[in-house]
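In: Here is my input, please return the structure:
(4 chains)
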Protein chains: 2
Amino acid sequence: MGAGTASLRDVAELAGVSITTVSHVLNDVPGKRIAAKTRQRVRSAAAQLEYRPNKLAQGLRSQRSYSLGFVSDLVATTPYAVRMVLGAQEAAANLGYLLFLVTSGGDQDLEAQQLRALLDRQVDGLLYASMFHRVVEPPALLEAAPVVLLNARCADGRYSSVLPDETGGAWAAVEELARQGHKRIGFLHNELDIPARSLRMRGYQEALAAHGIDFDPELVWCGEDAPGGYAAARELLDRPECPTALFCFTDRMAMGAYQAAQELGLRIPHDLSIVGFDDQEVVSAGLRPGLTTMALPHYEMGRWAVTELMKRIDAGSDVPPTHALLDCPLVHRESVAAPREAR
Amino acid sequence: MGAGTASLRDVAELAGVSITTVSHVLNDVPGKRIAAKTRQRVRSAAAQLEYRPNKLAQGLRSQRSYSLGFVSDLVATTPYAVRMVLGAQEAAANLGYLLFLVTSGGDQDLEAQQLRALLDRQVDGLLYASMFHRVVEPPALLEAAPVVLLNARCADGRYSSVLPDETGGAWAAVEELARQGHKRIGFLHNELDIPARSLRMRGYQEALAAHGIDFDPELVWCGEDAPGGYAAARELLDRPECPTALFCFTDRMAMGAYQAAQELGLRIPHDLSIVGFDDQEVVSAGLRPGLTTMALPHYEMGRWAVTELMKRIDAGSDVPPTHALLDCPLVHRESVAAPREAR
DNA sequence: TAATAGTGCCAAAACGTTTGGGCAAATACT
DNA sequence: AGTATTTGCCCAAACGTTTTGGCACTATTA
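Out: Presented below is the predicted three-dimensional model:
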């Protein structure tokens, strides 16, 4: 009844064989001829001592630490990003891997220091994650191990990357509204210089076009977070020819839009349909009525990244990088209905 | 210009000394007499080769892996808990430690499996974290390493633990309202069987008592999340003698209360003051007006936990466990004012 | 000059694995 | 019976460190 501290030697001694043999048996090394009886003896000795291999020693010897580094700019304020970590962690666990989690807070020196700490521990690969979709300039240290970019891509496409399909998401959101018969669909847009900005704009425009609706720049208004969403929505809804539906860049902006609608006496979805983006549950499920919104596939991206990273670890760095775009599923709640006019 | 893959032997060769000497120099081993010149030579050789010690080898030899395990039930849906991880991670990084992050999702077998994976990697200690404050029954495997309980405690107090001061937080929240002159302070309470429930209730009652206000069970109504908060608030506010202020168990319930208030034509904070709990920023900063609320000291708890864990790692398990209660700071926004009657 | 003390360095074992190259004994062929 | 083959196992080196216990010099002292 070992306290889990038994070594290969202890097992060997108890089984009356050499360390080599124990190793061969426990690892099922192919091509090694060992009598069934001996195997049995070894296994039961190992079981009896509750033998567990020391991963440090294993890693030292076989150049495989079975651990990965998850590097992210800031895990802090962004709640949904947690699902990225979770997806990665679960996928890793299934393969016998563990994740080192480090955050740089955006500080380059700190990031380098953390990366070195990871490499010192001989991680087999790195997940370089951004908390919001962006183009990154990966630090030189990343060269030292297989890498996959998560929720980010680099300008030269050198590393594999996985991103949400922003355009497709925006497209589907607007499609959902257009299908209900909406013609005047406002867009509560973001003003940050991030890829999602132009990508979702594209989706918005293309979906409009697909439904034969002319793009009207007057129906696009920028802002940020709930206050920005509120202001932008007031702006759009205070007009004579106001939109019957709003597509919001984030759930938080949608939250602001709800407030504006309420103040103006517009009932959702009767007088105004709203679709958000992010499926930030505290907001989308907390609002009344529940907010129909596009979910970001954070969990799936985390999983994808690990799977891809494994391929690269196993195959060496000669395989060309892959770039994935994952779907943003529509989450139906109660904020969308046909426009009044169409009823 | 080594690719970071130089070993002690390479440095020794380049400096023309033995491995031993290099180790002594680079580790500043006290009591070792080595000529200043030699030291210089070794250091510059190490620098030139960009030598970095292999932590696997170090750990194997010196029984210190400089890594910790962060075990949590589920990192998933709960966004604020992220700050716990962050606090732990930053504190660990400052001490040269890295964090392995694992989540069990509440599954006992999976948890055991993950714990073993951590122990296999010879972690120096474990952070056993709960995503919401609760009493846990720690698995037997925790015995195998120093442990600190994070946002949790065990019934027998065997392990060190750190928790938010729920009672103090509730006390301060109600105090904030009472100080403004509110006499009828409703409590939108939770109905789950968790420690926070009775602890906050105690804070609520004590603060009332401190202000000479009689506790009125009629002013306490249970529910959960935004919908529950909405329902409970409707219940309380629809009366003739309705409360002038609401203390909400969570920000999400407060969100529901906002909706109820809006429907009833009550303006916040003019007609109704509200204090929440959690400081879940998407909600508290997203509501109009901003929600005054009690923040949970997740970040600080994370920090405290690794500090405590370090003590226990360094001191052996003979030092008695410590149990900390950390303050919940009040976050002022715009949802509190004096009651109308008092103006 | 010889004993003593101090200085500067190193060899080797150990941590717990994996793995290539064995070598005896048992079995199969001629 | 003698050779070839197979079976079953083990030795020892290696991974990259830390650490103990020296050993060979040089400098000091008597």
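In: residues in contact with whichever residue of the stretch 151-300 of chain A sits closest to DNA strand C?
Out: The stretch 151-300 of chain A approaches DNA strand C most closely through A:Ser160 (26.6 Å), counting by C-beta to the nearest atom of the strand. In short, each C-beta sits where N, CA and C put it, glycine included. A:Ser160 makes contacts with A:147-149, A:308-309, A:312, A:321-324, as judged by C-beta atoms under 8 Å, 6 or more residues apart in numbering or on different chains.
In: Okay, and which of those map to strands?
Out: With DSSP state E as the criterion, strands contain A:147-149, A:323-324 from among these.
In: top of these by neighbour count?
Out: A:Val148 (30 neighbours; other C-beta atoms under 10 Å in any protein chain shown).
In: and the helix ranked longest in chain A with chain B, contact?
Out: Secondary structure of chain A read by DSSP state H shows that its longest helix is helix A:298-315. No - using C-beta under 8 Å from any C-beta of the partner chain, helix A:298-315 never reaches chain B; the gap is at least 8.8 Å.
In: So is that helix next to DNA strand C?
Out: No - judged by C-beta under 7 Å from any atom of the strand, helix A:298-315 stays clear of DNA strand C, getting no closer than 14.2 Å.
In: Any buried residues in that helix, and which?
Out: Under the neighbour-count criterion of 16 or more other C-beta atoms under 10 Å in any protein chain shown, helix A:298-315 has A:298-310, A:312-313 buried.
In: likewise stretch A:22-30?
Out: A:22-26.
In: pLDDT added to the contacts of A:Ser160, as a markdown table?
Out: Formatted as a markdown table, the contacts of A:Ser160 follow (pLDDT from 0 to 100):
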| residue | pLDDT |
| --- | --- |
| A:Val147 | 97 |
| A:Val148 | 98 |
| A:Leu149 | 98 |
| A:Glu308 | 98 |
| A:Leu309 | 98 |
| A:Arg312 | 96 |
| A:Pro321 | 96 |
| A:Thr322 | 97 |
| A:His323 | 98 |
| A:Ala324 | 98 |
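In: Once you drop chain neighbours, what's closest to the residue positioned nearest the centre of chain A?
Out: The centroid of chain A falls nearest to A:His298 when counting by C-alpha atoms, centre = their mean (2.8 Å). Take A:His298 and drop its neighbours on the chain: the residue closest to it by C-beta to C-beta, 6 or more residues apart in numbering or on different chains is A:Arg83, 3.9 Å away.
In: Likewise for A:Arg184?
Out: Spatial nearest neighbour of A:Arg184, chain neighbours left out: A:Pro243 (4.3 Å); criterion: C-beta to C-beta, 6+ apart.
In: Wait, the one you found touches A:Leu236, no?
Out: Yes - A:Pro243 lies in contact with A:Leu236 (C-beta atoms under 8 Å); the separation is 5.8 Å.
In: what residues does the stretch 1-150 of chain A put near DNA strand D?
Out: Going by C-beta under 7 Å from any atom of the strand, the residues of the stretch 1-150 of chain A near DNA strand D are A:16-21, A:24, A:32-35, A:37-38, A:57, A:60-61.
In: Can you name the two of those that sit furthest apart?
Out: Farthest pair in these (C-beta to C-beta) is A:Lys37 and A:Leu60. Separation: 32.0 Å.
In: No more questions from me, cheers.
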